[in-house]
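Asks: Take this sequence and fold it.
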Amino acid sequence: MKPILFITGSYPPEVCGVGDYLHKIMCSNIALDNNWLLFYKRVWGIRYLFKYFREIRSISVGDICLQYPTQGYGWSIVPHLLCLLCRIFLNRKFVVCLHEFSNSSLKSKIASCVFLLFASAVIFTTDYEKEYALKFFPFKRKKYFVIKICSNILSSSKVKPYRERNIDLLYFGHIRPLKGIEEFFDIIRLFRLEHSSLRVLLMGQVPSEYNNYYSEVRSICEKLEIELILNKPEEEVASLLNNTKFALLPFPDGISERRGSFLACISNGVNVITKRGKYSTAEIDKVVYYYDRTSDSAKSVKEIMDFSLEEYANKQKQGLRYISESIPKSWDNVSLNYLQVIL
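Replies: Here you go, the predicted structure:
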């Protein structure tokens, strides 16, 4: 059996959620045992289309799987055109993992229709995304699959009870616009008026193109006495999460099961306070707290943080059960699902 070739526009050490996702897959035992290969390019201008196609054609592989979107592709249509060229001129399957479709721009949706119509199979990371695509192309149902993600961060070997944690509140994720950081700051700013002793962290990674934004974030953190923790190894991140009571994750479009920061928090016993959105599921509703966005957000969050220890311990257990029953247990499981879809 020839190895599978995975195509991407971002890969560590670059900061990109999809790049991190693929890195976890490529480091899995399934990938290593089957000699899966990586096709990673940082430049995706149209002039590279046929060059990349010739390179792919020359590689002795079985089938091909492209990850989309990534930071590295930018607005390029080369990934879409590669899909067409490979489907027409190569006797190989061309599978696309489409991480985002429903919330993409109109231009991106139109371009992604190339994947939805012509790829040998399309993998989605949530049922919502699959069902959304089927509204446009219901006749492709047999070619659309769901493979859920699991956390990029290790679960602590021993999850601390809520009462033993000494970090009160944190934000965790990529530090860039449109991630809810501004709303996090607004809530903490009001908290500091009455609760100056709270220990608050902002933890994550900064994509290189957002260094100017990070400078503003760092300045605000200093003023609000927020500890800023960047680019720590996975084991240290897991340890910090395992010592945290609450994560405030105010995603603009609401919580969903493809939010890796949410999964990392829940799997390390952190109680998550967040927003409900169109991607939220009944299972997620049971394991998080939703704050009221229509009135005083800071007051609503504070009310949640004033519940009983018994309530928090129960929510923590529900979160760990959700991870155990509804999310792939490891990246080996995710990779095995890929193998089943592609082959």
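Asks: Residue 43 - how many residues pack around it?
Replies: Per other Cβ atoms under 10 Å, the neighbour tally for residue 43 reads 12. Quick note: C-beta positions are derived from backbone N, CA and C, even for glycine.
Asks: For residue 191, what is the enclosing helix or strand?
Replies: helix 181-194 (DSSP states H and E).
Asks: Put the alpha carbons of that helix into CSV.
Replies: Output in CSV follows, covering the C-alpha atoms of helix 181-194 (Å, rounded to 0.1, in the frame of the first residue of the first chain):
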residue,chain,number,x,y,z
ILE,A,181,-10.1,38.7,23.2
GLU,A,182,-11.5,42.2,23.2
GLU,A,183,-14.7,41.0,25.0
PHE,A,184,-12.5,39.0,27.5
PHE,A,185,-10.7,42.3,28.3
ASP,A,186,-14.0,44.2,28.7
ILE,A,187,-15.2,41.7,31.2
ILE,A,188,-11.9,41.6,33.1
ARG,A,189,-11.8,45.4,33.2
LEU,A,190,-15.1,45.5,35.0
PHE,A,191,-14.0,42.6,37.3
ARG,A,192,-11.0,44.6,38.4
LEU,A,193,-13.2,47.3,39.8
GLU,A,194,-14.4,45.0,42.6
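Asks: so how far is that helix from its chain's centroid?
Replies: 25 Å (Cα atoms, centre = their mean, to the nearest Å).
Asks: Show me what counts as buried in that helix.
Replies: In terms of neighbour count (16 or more other Cβ atoms under 10 Å), helix 181-194 has its buried residues at 181, 183, 184, 185, 187, 188, 190, 191, 192.
Asks: now, among these, which is nearest to residue 241?
Replies: Distance to residue 241 across those (Cβ to Cβ) is lowest for residue 184, with 16.2 Å.
Asks: tell me what the helix or strand following the helix holding residue 191 is packed against?
Replies: Counting by DSSP H and E, the next helix or strand C-terminal to helix 181-194 is strand 200-205. Packing contacts for strand 200-205, counted by 3 or more Cβ pairs under 8 Å, 6 or more residues apart in numbering; DSSP states H and E, involve strand 167-174, helix 181-194, helix 211-224, strand 227-230, helix 234-241.
Asks: Just checking, which helix or strand succeeds the longest helix along the chain along the chain?
Replies: Counting residues, the longest helix in the chain under DSSP state H turns out to be helix 309-326. Reading on from helix 309-326 to the C-terminus, the next helix or strand found by DSSP H and E is helix 331-342.
Asks: how far does that next one sit from the chain's center?
Replies: 18 Å.
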